[in-house]
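Novice: coords please:
(one chain, ligands or ions: 1)
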Amino acid sequence: MKILVLNSGSSSLKFILFDMHKEAVLVSGMVDRIGIPESIFSIQQSGGVSEVIQTNIPDHGAALGKLFEFLTMGPIPSLPNIPAIAHRVAHGGKFRESVVITPEVIDQITSMNRFFPLHNPAIILEIEECMKRMPHSLHVAVFDNSFHRDIPDEAAIYGLPYRYFSEKGYKRTGYHGNSHAFSAFESSKFLRRPIENLRLITCHLGNGASTCAIKHGKSIDTSLGITATEGLIMGTRSGDIDPGLIPIIMDEEGLSSDDISDMLVHRSGLFGISGLSRDMREIENAAAEGHKRATLALNAFCYKVKRSIGSMLMALGGCDGLVFTGGIGVNSSIVRLKSLEGTENLGFMIDPVRNSESTFLTMENPVKEISAENSPISILVIRANEELMMARECYRITRQLLEV
Ligand code: ADP
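Specialist: Now for the predicted structure:
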């Protein structure tokens, strides 16, 4: 069975077509700069052939049109050859499990637009266009927060008047669920220990970043909240700040709610502190050349990761494995080293040589161990594969429905 996985950002659409019998990638790629002149459509075929096409793609509907045109010209004979499509959705309102998309599901996703003003319209357009063009396929929404659905109330609730929790459902729901779940699954395989016996801390460090405490395969706490701004310092997102500061800054600078939201989401984090870039590679390079604000951004990023690992350790009451994943987690040996500096006595003993060795992690071999031989806690680097988790979810639901 072939499963197409779609993942829309505000101006991008990533896709992977899987053959689920072997969990093999048939073709993958991305349409980038949607709605911006000179959009880029890049494709990687399974034989290693890649292609980049520059064209103008005004919106996600047009991007899907291009994608389907390409797919039916080579990888598949016709669209009905794809029985199911997995759509990545950040938050499905009252839906917390992967679900076949109906008008009610779309209404619930739409009800979260206030929380995801840039992403949600693109995702909804992606789903609606896809359902129109592929009415014969099953469309499954896979939510980024499903993995965190069992976080206990005391960890999820905010210290606000109770009605925000009970009536509005404002509580920590977490994101990057497919990545944290993939890390847990791969850790269990790599360590040859059943997931039911493992206590794991996973750190997904990319443009967005979060930590997660995973006890016996279930998320029991995570650093991201309901708006994806809470917790760690991120590329352009602030992470935790004193909430009392928000009205003060708004009053002092005459900012509207949109202005302050724009600042916290798009002009803060690594970019805001350094004044240079949201990209960790540029931050590291500038810090190495003595740029003070880049050094501060790097140190603050790592310090927040360390502190967050500490809270997850307490939530778990002990830890068997720590995972670094995401673009920064996988590629930055400096961030890994700094985030664990001085924590050897707590059991996080990183091997500096293994940590700095560059290993090319692949979809087939996504794990590398960087802990010292005598480290009580295994420290792993895992190449994220959220799309595979999404494809598995979609496959499971499709098989159930088709009773294969
Ligand atoms: P997203 O959250 O958008 O999926 P990624 O997981 O791809 O993001 O991570 C992007 C981040 O990874 C960027 O900050 C980028 O600088 C960082 N990154 C990628 N390669 C390296 C590297 N070699 N060294 C340090 N950081 C890196």
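Novice: use CA for all of it now, contacts and neighbours both
Specialist: OK.
Novice: so what's the residue nearest to the spatial centre of the chain up against?
Specialist: Nearest to the mean C-alpha position of the chain, by C-alpha atoms, centre = their mean, lies His176 at 3.6 Å. By C-alpha atoms under 8 Å, 6 or more residues apart in numbering, the residues touching His176 are Asp144, Asn145, His204, Ser210.
Novice: from Ile36, how far out is it?
Specialist: Counting by C-alpha to C-alpha, to the nearest Å, the gap from His176 to Ile36 is 27 Å.
Novice: one more: Met389?
Specialist: Plainly put, Met389 is 31 Å away from Ile36 if you go by C-alpha to C-alpha.
Novice: more neighbours, these two?
Specialist: Neighbour count, other C-alpha atoms under 10 Å: between Met389 and Ile36, Met389 has more, with 19 against 13.
Novice: name the residues of the helix or strand hosting the more buried one that are buried.
Specialist: Assessed by DSSP states H and E, Met389 sits inside helix 386-402. Neighbour-count burial for helix 386-402, counted by 16 or more other C-alpha atoms under 10 Å, picks out Glu386, Glu387, Leu388, Met389, Met390, Ala391, Arg392, Glu393, Cys394, Tyr395, Ile397, Thr398.
Novice: now distance to the ligand and pLDDT too, for those residues, in CSV please.
Specialist: Output for the buried residues of helix 386-402, formatted as CSV (distance: C-alpha to the nearest ligand atom, whole Å; pLDDT from 0 to 100):
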residue, distance to the ligand, pLDDT
Glu386, 10, 94
Glu387, 11, 95
Leu388, 14, 96
Met389, 15, 96
Met390, 15, 97
Ala391, 17, 97
Arg392, 19, 96
Glu393, 20, 96
Cys394, 21, 97
Tyr395, 23, 97
Ile397, 25, 96
Thr398, 27, 94
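Novice: tell me which two of those residues sit farthest apart.
Specialist: Distance extremes for the buried residues of helix 386-402: the farthest pair is Glu386 and Thr398 at 18.4 Å, using C-alpha to C-alpha.
Novice: so how far is stretch 2-11 from its chain's centroid?
Specialist: Distance of stretch 2-11 from its chain centroid, counting by C-alpha atoms, centre = their mean, to the nearest Å, is 13 Å.
Novice: next one: stretch 101-112
Specialist: On C-alpha atoms, centre = their mean, the centre of stretch 101-112 falls 21 Å from that of its chain.
Novice: which strand residues bridge Ser39?
Specialist: Taking DSSP bridges as the rule, Ser39 bridges to Thr55.
Novice: next, the angle from whichever strand or helix holds Val31 to helix 386-402.
Specialist: Assigned by DSSP H and E, Val31 falls within strand 24-32. Orientation check (axes from the mean of the first three to the mean of the last three C-alpha atoms, to 10 degrees): strand 24-32 against helix 386-402 gives 120 degrees.
Novice: in strand 24-32, what counts as buried?
Specialist: Val25, Leu26, Val27, Ser28, Gly29, Met30, Val31, Asp32.
Novice: got the residues of this protein near the ligand?
Specialist: Gly206, Asn207, Gly208, Asp279, Met280, Arg281, Gly326, Gly327, Ile328, Asn331, Ser332 (C-alpha under 6 Å from any ligand atom).
Novice: save the residues you listed as a markdown table, and put in neighbour count and secondary structure too.
Specialist: Output for the residues of the chain next to the ligand, formatted as a markdown table (neighbours: other C-alpha atoms under 10 Å; DSSP: H, G, I helix; E, B strand; the rest coil):
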| residue | neighbour count | secondary structure |
| --- | --- | --- |
| Gly206 | 18 | coil |
| Asn207 | 18 | coil |
| Gly208 | 20 | coil |
| Asp279 | 16 | coil |
| Met280 | 24 | helix |
| Arg281 | 13 | helix |
| Gly326 | 24 | helix |
| Gly327 | 17 | helix |
| Ile328 | 21 | helix |
| Asn331 | 23 | helix |
| Ser332 | 19 | coil |
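Novice: tell me which of those residues has the lowest pLDDT.
Specialist: Minimum pLDDT for these is recorded at Asn207 (91).
Novice: roughly how far apart are the residue of the stretch 51-200 of the chain at minimum distance from the ligand and Pro117?
Specialist: Going by C-alpha to the nearest ligand atom, the ligand is nearest to His176 of the stretch 51-200 of the chain, at 9.0 Å. Using C-alpha to C-alpha, His176 is found at 18 Å from Pro117.
Novice: now do Leu264
Specialist: Leu264 is 14 Å from Pro117, by C-alpha to C-alpha.
Novice: list the contacts of Tyr164.
Specialist: Tyr170.
Novice: now the closest residue to the ligand within the stretch 251-400 of the chain: how far from Thr102?
Specialist: Nearest residue of the stretch 251-400 of the chain to the ligand (C-alpha to the nearest ligand atom) works out as Gly327 at 3.3 Å. For Gly327, the distance to Thr102 (C-alpha to C-alpha) stands at 34 Å.
Novice: ok, Gly275 next?
Specialist: Counting by C-alpha to C-alpha - Gly275 and Thr102 are separated by 44 Å.
Novice: neighbour count winner among those two?
Specialist: Gly275 (15 against 12).
Novice: touching, that one and Arg293? I think so.
Specialist: Yes - Gly275 is within contact range of Arg293, at 7.3 Å (criterion: C-alpha atoms under 8 Å).
Novice: so where does Ile248 fall, helix or strand?
Specialist: Going by DSSP H and E, Ile248 is part of helix 245-253.
Novice: can you map out the strands along the stretch 301-404 of the chain?
Specialist: 321-325, 367-369, 378-382 (DSSP state E, counting those that start in this stretch).
Novice: need those in CSV with mean neighbour count, distance to Asn113 and mean pLDDT, can you?
Specialist: Formatted as CSV, the strands of the stretch 301-404 of the chain follow (neighbours: other C-alpha atoms under 10 Å; distance: least, C-alpha to C-alpha, whole Å; pLDDT from 0 to 100):
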stretch, mean neighbour count, distance to Asn113, mean pLDDT
strand 321-325, 25, 28, 98
strand 367-369, 22, 36, 98
strand 378-382, 27, 32, 98
